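1. give me a 3D structure for the following:
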Amino acid sequence: MVAVVADPDRVAAAWASLAGLGITLADLQHDARPRQPTFDEYLPHVVAAAGPSARRVYSSYWNRMVKTWAGRTIDDIAASEIQALRLVVVATARHRRNSRGGRYASELFVAAARAYYKCAVDDGLIDAADSPAHRISKPRRLPSTRRALTADELTEINLVARTTGNDVVLDALLLRLHTETACRRGGSLGLRLMDLDAERGLVLLREKGGTIRWQPVSLDLATRLAEHAHIRGAVLPTDALLRYRDGKPLTSRATTTSGTASAPTCHGSPHTASAPTGSATPP
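-> Next comes the predicted model:
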């Protein structure tokens with residue numbers, strides 16, 4: 001095959017013609033690209049590629065973006081528009097007792113916008129440098145206002161759990177488990193019979209982000225957990241460890257079969273400042 005060499009004079013003439021028309025090379029390359037999807041057209045692809053946690057946290061912000069920019073292509077949104085919508089989100093954020101001036105809503109909105117455009121970058125629709133969402137800075141996180149419960153507060157909570165509610169045994173076990181391990185709610189809900197080593201006083205906790213750790217507990221608690229599981233019908237190694245009085249596994253709804261809430265069951269973890277740290281492998 002004979003290579004064709006472009007005539008320099010003709011190339012120069014072509015460039016001169018384009019310059020006269022006000023057309024640049026970038027314009028020609030842009031026109032050669034396929035049409036970009038609109039914000040609402042592309043959202044189903046973003047949702048499908050997101051994990052369950054991302055869908056739960058970001059969906060409301062994605063829907064708000066779609067409502068604002070429906071019909072506009074994803075490469076038509078400027079960083080200043082994302083910033084303007086972020087300010088609207090902050091101004092209209094629901095105020096609760098622990099609100100921090102909308103900072104958390106602001107952070108989640110920026111994260112949702114970045115997740116949307118990262119998906120577009122991964123699909124080759126836009127270049128990473130062209131993502132308007134990644135030009136918006138997240139607000140700096142303020143120090144947490146959380147604190148450990150005082151000894152008196154913890155004593156009071158345990159007293160209420162052991163003397164009220166419709167399943168004081170389960171409530172007391174849960175509070176003691178969270179006090180000794182400082183585990184999250186998901187850690188206690190995910191406990192199975194095979195996760196308890198009553199002889200050595202260990203429980204295997206599976207928590208946020210796929211974290212798995214063997215956590216030491218007192219032998220007394222380990223024994224009580226084993227007895228609780230046996231009495232309430234846990235037989236197979238994969239059976240849930242914590243159960244209601246009717247033998248059904250504990251759920252995050254913290255209700256009995258009658259629909260009555262069971263005191264402080266699984267509504268939170270009374271973390272203590274001196275809770276021990278577990279390890280990923282049993283000692």
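2. all strands for the protein, in order.
-> Ranges of strands within the chain are 196-197, 202-206, 212-216, based on DSSP state E.
3. helices or strands up against the shortest one?
-> It refers to strand 196-197. Under the contact criterion of 3 or more C-beta pairs under 8 Å, 6 or more residues apart in numbering; DSSP states H and E, strand 196-197 touches strand 202-206, helix 219-231. Where C-beta positions appear, they are placed from N, C-alpha and C, glycine not excepted.
4. try it again at 7 Å.
-> The helices and strands touching strand 196-197, judged by 3 or more C-beta pairs under 7 Å, 6 or more residues apart in numbering; DSSP states H and E, are helix 219-231.
5. give me the angle between the helix it packs on and strand 212-216.
-> Counting by axes from the mean of the first three to the mean of the last three C-alpha atoms, to 10 degrees, helix 219-231 lies at 120 degrees to strand 212-216.
6. may I have helix 219-231 exported as CSV, CA atoms only?
-> Taking Å, rounded to 0.1, in the frame of the first residue of the first chain, the C-alpha atoms of helix 219-231 are listed here in CSV:
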residue,chain,number,x,y,z
LEU,A,219,-17.2,-15.8,79.6
ASP,A,220,-20.4,-15.0,81.5
LEU,A,221,-21.9,-13.1,78.5
ALA,A,222,-20.7,-15.9,76.1
THR,A,223,-22.5,-18.5,78.2
ARG,A,224,-25.7,-16.5,78.4
LEU,A,225,-25.7,-16.0,74.7
ALA,A,226,-25.3,-19.7,74.1
GLU,A,227,-28.1,-20.5,76.6
HIS,A,228,-30.3,-17.8,74.9
ALA,A,229,-29.7,-19.3,71.5
HIS,A,230,-30.5,-22.9,72.7
ILE,A,231,-33.6,-22.0,74.5
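7. and the closest residue to residue 228 other than its chain neighbours, how far from residue 8?
-> Ranked by C-beta to C-beta, 6 or more residues apart in numbering and with sequence neighbours excluded, the top spatial neighbour of residue 228 is residue 173, at 5.9 Å. According to C-beta to C-beta, to the nearest Å, residue 173 and residue 8 sit 85 Å apart.
8. between those two, who's got more neighbours?
-> Neighbour count, other C-beta atoms under 10 Å: between residue 173 and residue 8, residue 173 has more, with 22 against 8.
9. check contacts around the more buried one.
-> Residue 173 is in contact with 224, 225, 228, counting by C-beta atoms under 7 Å, 6 or more residues apart in numbering.
10. thanks a lot, see you next time.
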